[in-house]
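Colleague: sequence plus the predicted model coming up.
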Amino acid sequence: MYLKNKRLASMRKKYKVSQNTLAQAVGLTQSMISHVEAGRKDVSKIYKIKIARYFNELHNTNVSVDWLFYEQVNDLEAYLSDSVS
């Protein structure tokens, strides 16, 4: 079980981006975005980078992967040990 990704859901809603739009932009499915936001699944580092870039480039934000996906140090440690697939 993964932590709910409140920040991803919040950013997506703030910029009025549907799960489907975000999924298509980064190469995932809408259901995968839903699972990530609900904490049922996780995505690899490469998709986390793509999602952060999506918001930074298209919505002129300055979010990092760390801020968007990891709320605590333990979460960041999991990120650092995650393999790129």
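Modeller: Here it is on my side, so go on.
Colleague: do I have it right that R12 meets Q19?
Modeller: Yes - between R12 and Q19 there is a contact under Cβ atoms under 8 Å: 7.0 Å. Any C-beta I mention is one placed from the backbone N, CA and C, and that applies to glycine too.
Colleague: overlap in contacts, these two.
Modeller: 33, 37 (Cβ atoms under 8 Å, 6 or more residues apart in numbering).
Colleague: how far does stretch 30-44 sit from the chain's center?
Modeller: On the basis of Cα atoms, centre = their mean, to the nearest Å, stretch 30-44 sits 8 Å off its chain's mean C-alpha point.
Colleague: please apply the same query to stretch 21-36.
Modeller: 9 Å.
Colleague: same check on stretch 45-62?
Modeller: 8 Å.
Colleague: give the rounded mean pLDDT of that stretch.
Modeller: Regarding stretch 45-62, the rounded mean pLDDT is 94.
Colleague: tell me the buried residues in it?
Modeller: Buried residues in stretch 45-62, counted by 16 or more other Cβ atoms under 10 Å: 47-52, 54-55.
Colleague: do stretch 11-19 as well
Modeller: For stretch 11-19, by 16+ other Cβ under 10 Å, it's 11-12, 17, 19.
Colleague: same thing with stretch 30-44?
Modeller: By neighbour count on 16+ other Cβ under 10 Å, the buried set for stretch 30-44 is 32-33, 35-37, 42-43.
Colleague: which ones among those are found in helices?
Modeller: 32-33, 35-37 (DSSP state H).
Colleague: what's in contact with the helix or strand encompassing L22?
Modeller: Following DSSP states H and E, one finds L22 within helix 19-26. Helix 19-26 has contacts (Cβ under 8 Å, 6+ apart) with 12, 28-30, 32-34, 37, 47, 50-51, 54, 58.
Colleague: farthest pair in those?
Modeller: Farthest apart among those by Cβ to Cβ are S34 and L58. That separation is 20.3 Å.
Colleague: now do the longest helix along the chain against helix 19-26, angle only.
Modeller: As assigned by DSSP H, the longest helix anywhere in the chain is helix 45-58. Interaxial angle of helix 45-58 relative to helix 19-26 (axes from the mean of the first three to the mean of the last three Cα atoms, to 10 degrees): 100 degrees.
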